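Q: Show me the folded form of this:
(one chain, ligands or ions: 2)
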Amino acid sequence: MEISGEEQQQHIRVQSLAQNCKVQVPQQYVQLPEHRPNNAAAVKSIPIIDLSGSRTKVREEVGQACREWGAFHVSNHGFPIQLLDDMRRVGLNFFEDCPMTDKLTYSCDSNISFAAQGYGSRMLVSDDSVLDWRDYFDHHTLPLSRRDPSRWPHFPPNYRQVIAEYSDHMKALAQTLLSLISESLGLPSSRIEEAVGEFYQNITVSYYPPCPQPELTLGLQAHSDMGAITLLIQHDVMGLQVLKDDEWINVHPLSDAIVVLLADQTEIAPMDPNMVTDEELNKAENFLDDWGCIRDPAVTGVVSVESTSFREELAALPDVFTRNGQQQDINEEGLRSYTLDKKECCRDFFGDLGLSANLPTSDLALPLGSVRKQRFEIIITNGLYRSAQHRAITNASKARLSVATFHDPAKTTIISPASELITESSPPRFRQVTYGDYVSLWYTKGPEGKRNIDGLLI
Ligand SMILES: O=C(O)CCC(=O)C(=O)O
Ligand SMILES: [Fe+2]
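A: Ligands and ions are numbered 1, 2, ... in the order given. Prediction:
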């Protein structure tokens, strides 16, 4: 049967490409210069938290790691070490020892749905995106109603059993971690898990073949994960990097430890305003400063805007945000163009206002005033923990494997501003977004090297 160009595209696996392109990668895999990997700072590393320590100590360490990194290793986590090894082994066996024709029988069809289960390479729908140097197998594992092991590899023979056991243990660890994260914010331990609801868990095994031009490519472009919390293991080849203070930091593989990555829904999970202490507030302010957002009370009045009510709102603001020493243009038009051209900038701006970027630009005029009033009392804390921006790099000599276990809300869960913030004088002004829509945005627009929470901006 003749295979159409489109079908061929669907079936091209990076592993086959790597065997044929020994010198040069195809143009579609070449990243823009600003996205290419550079030499990561060797000295820093994400924190390691020993979960067997006292609850108070662990809580404090988790809080600090979430504020400063959004990513950390956990050791002595209670997850069976043998199962971590088994998972890495069956993953490698499938990618390296199963014939390509057999692997292709599990191909996922990204035309049918986003994040389709199965064997694939290309995640984003848009045709003009630069491609990742990666193949993957995505498994839908929880809730049990989504679990259909017959859709998972039959090779090696224990593959399906390992995935099922791995999924159950990962769920338990995710629950422990979310309760620690809740407690570290002074919230009841079940608070974030309740906000997330029943876990939708996916396990993605990623396989990065050796790449002839690692300096031009990325195994996986920069992004933050969409759900609540991701737990990740790598085998012994380094490739994961986390962004910290505008610097990419290598996450070295530790065979017995598990990487925890905060995902977007944890960043915007509701926080209890009564729990915000002066000390936390100070930390939040320092945190924003660390992100290059300088509050400058000396600067007043900024922009020319068309809408009078919007101008009045702005005039009521005694200060203006500057970033890296430069005053931000915050007129409505400016924001609109940030949305299109400089989403990161816009996201920071919204983030400073505690809006978690969960706001359509056209509605910006309405909430600004009320938001400003509450900013230092309540809302800042909402963004205190940031989801980790991360990516994977490639290397010329060795294949690399990682296993990421995502814990997400149900597609029907509504992401909305913290209910604590809604009062008569400050009614909800934000578009409510269902998690499913959020996911669709990500797959159609792509993270574009930015945190995918930006996808919520219209
Ligand atoms: O391969 C890695 O280490 C990163 C994987 C990842 O970030 C993802 O699958 O979302
Ligand atoms: Fe990720």
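Q: From now on I want contacts and neighbour counts done on CA atoms only, so please keep to that.
A: Fine.
Q: Beta-bridge partners for whatever residue of the stretch 101-250 of the chain ends up closest to ligand 1, please?
A: Closest residue of the stretch 101-250 of the chain to ligand 1, CA to the nearest ligand atom: residue 240 (4.2 Å). Assessed by DSSP bridges, residue 240 has beta-bridge partners residue 392.
Q: you'd agree it is up against residue 391?
A: Yes: if you go by CA atoms under 8 Å, residue 240 and residue 391 touch, sitting 6.0 Å apart.
Q: Return the helix or strand in the protein with minimum mean pLDDT.
A: Counting by mean pLDDT, DSSP states H and E, the chain has its least confident helix or strand at helix 368-374, which shows a mean of 25.
Q: What residue in the stretch 351-458 of the chain comes nearest to ligand 1?
A: Closest to ligand 1 within the stretch 351-458 of the chain is residue 402: 4.7 Å, counting by CA to the nearest ligand atom.
Q: ok, now which ones touch that residue?
A: Residue 402 makes contacts with 88, 205-207, 232-235, as judged by CA atoms under 8 Å, 6 or more residues apart in numbering.
Q: Let me know the closest of the residues you listed to residue 141.
A: Proximity of the contacts of residue 402 to residue 141 (CA to CA) peaks at residue 205, which lies at 12.6 Å.
Q: Could you pull up phi and psi at the nearest residue to the closest one once chain neighbours are set aside?
A: Residue nearest to residue 205 in three dimensions, not counting chain neighbours: residue 403, with 4.4 Å by CA to CA, 6 or more residues apart in numbering. Reported as degrees, to the nearest 10, the phi and psi values for residue 403 are phi -130, psi 110.
Q: Show me what residue 403 is bridged to.
A: Listed by DSSP bridges, the beta-bridge partners for residue 403 are residue 205, residue 233.
Q: list the contacts for it?
A: 88, 203-206, 232-234.
Q: Now with 7 Å, please.
A: Going by CA atoms under 7 Å, 6 or more residues apart in numbering, residue 403 touches 203-206, 232-234.
Q: Show the pLDDT at it.
A: We have a pLDDT of 98 for residue 403.
Q: any idea how far it is from residue 19?
A: Using CA to CA, to the nearest Å, residue 403 is found at 23 Å from residue 19.
Q: Residue 203 and residue 142 touch, don't they?
A: No: here residue 203 lies out of contact with residue 142, judged by CA atoms under 7 Å, at a distance of 9.5 Å.
Q: returning to that earlier point: what's near enough to touch the residue of the stretch 101-250 of the chain closest to ligand 1?
A: 250-251, 391-393.
Q: do stretch 216-224 and ligand 1 meet at all?
A: No: judged by CA under 6 Å from any ligand atom, stretch 216-224 makes no contact with ligand 1; its nearest approach is 6.8 Å.
Q: Pull that stretch out as PDB, backbone CA atoms only.
A: Provided in PDB are the C-alpha atoms of stretch 216-224 (Å, rounded to 0.1, in the frame of the first residue of the first chain):
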ATOM      1  CA  LEU A 216      21.700  22.300  17.600                       C
ATOM      2  CA  THR A 217      18.900  20.200  19.000                       C
ATOM      3  CA  LEU A 218      16.800  19.600  22.000                       C
ATOM      4  CA  GLY A 219      15.500  16.200  23.100                       C
ATOM      5  CA  LEU A 220      12.500  18.000  24.500                       C
ATOM      6  CA  GLN A 221      11.900  21.700  24.300                       C
ATOM      7  CA  ALA A 222      11.600  23.900  27.400                       C
ATOM      8  CA  HIS A 223       8.200  23.600  29.100                       C
ATOM      9  CA  SER A 224       6.600  23.200  32.500                       C
END
